[in-house]
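Asker: Using only what follows, build the 3D model:
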Amino acid sequence: MNVGRVPKNPSPVPGEGAERTRSVSEAGEGPGGEVRSGADGSYFPSPGRSLRARPPSPARGEGKRGAKSTVAPEMRRRARVLRQTMTDAERKLWYALRDRRFASFKFRRQVPIGPFIADFVCFEERLVVEVDGGQHAESQYDRRRDRWFATNDFRVLRFWNNEVLANVQGAMTVLAQALKVE
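Answerer: Here you go, the predicted model:
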């Protein structure tokens, strides 16, 4: 007696358990590798066939399949670390901006843009929001960074950490004015 593989039951139907345990040679195969195992000769797709029929998921993120990222791997790693080690002020502002909570604008945090990593960015409005501590006062690096963003059609809003921590609603009001929210 030739005993083949036992067809797997993708979703058991009550009362049909005995018919599904027959071997493939007894049950027979239907079109496209489906296993005929029901008493009435019905077909059940084999699990391998149904999984292969699905289109593959995109390689990364939303958008074009297999699109190469223009961001250097080191910048991506640095952005991930910054997302994990946000300051209290950044965390407080992010809570107000995330999930389109602020006037349905989509904000992303710690995003590599060109040679820099922006704290928060709304690509739809080309607005970069920076939350800075005292080390950024009179910083040449920040001036150069702001010039680069301006050259690439981004507007930059800067808030001090203590402004966000003490008055997040005031920061949101300034942000609303910049985005022309009614």
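Asker: CA atoms of stretch 128-147 as CSV?
Answerer: Extracted C-alpha coordinates of stretch 128-147, given in CSV (Å, rounded to 0.1, in the frame of the first residue of the first chain):
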residue,chain,number,x,y,z
VAL,A,128,11.6,70.8,10.4
VAL,A,129,11.1,71.2,14.1
GLU,A,130,14.2,71.2,16.4
VAL,A,131,14.1,70.9,20.1
ASP,A,132,17.5,72.1,21.5
GLY,A,133,19.3,72.2,24.8
GLY,A,134,21.8,74.9,26.0
GLN,A,135,24.7,73.3,24.0
HIS,A,136,23.0,74.7,20.8
ALA,A,137,23.2,78.3,21.7
GLU,A,138,25.2,80.3,19.1
SER,A,139,26.2,77.1,17.4
GLN,A,140,28.0,77.4,14.0
TYR,A,141,26.9,73.8,13.2
ASP,A,142,23.2,74.8,13.7
ARG,A,143,23.6,77.8,11.4
ARG,A,144,25.1,75.7,8.7
ARG,A,145,22.4,73.1,9.1
ASP,A,146,19.6,75.8,8.9
ARG,A,147,21.2,77.1,5.7
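Asker: Show me the helices in this structure, by range?
Answerer: 17-20, 24-27, 47-53, 73-84, 88-97, 140-151, 161-166, 168-179 (DSSP state H).
Asker: Deepest in the core, which of these is it.
Answerer: helix 88-97 (a mean of 18; mean count of other CB atoms under 10 Å). Glycine gets a C-beta too; all of them are placed from N, C-alpha and C.
Asker: can you list the domains in this structure?
Answerer: 17-53, 73-179 (automatic domain parsing).
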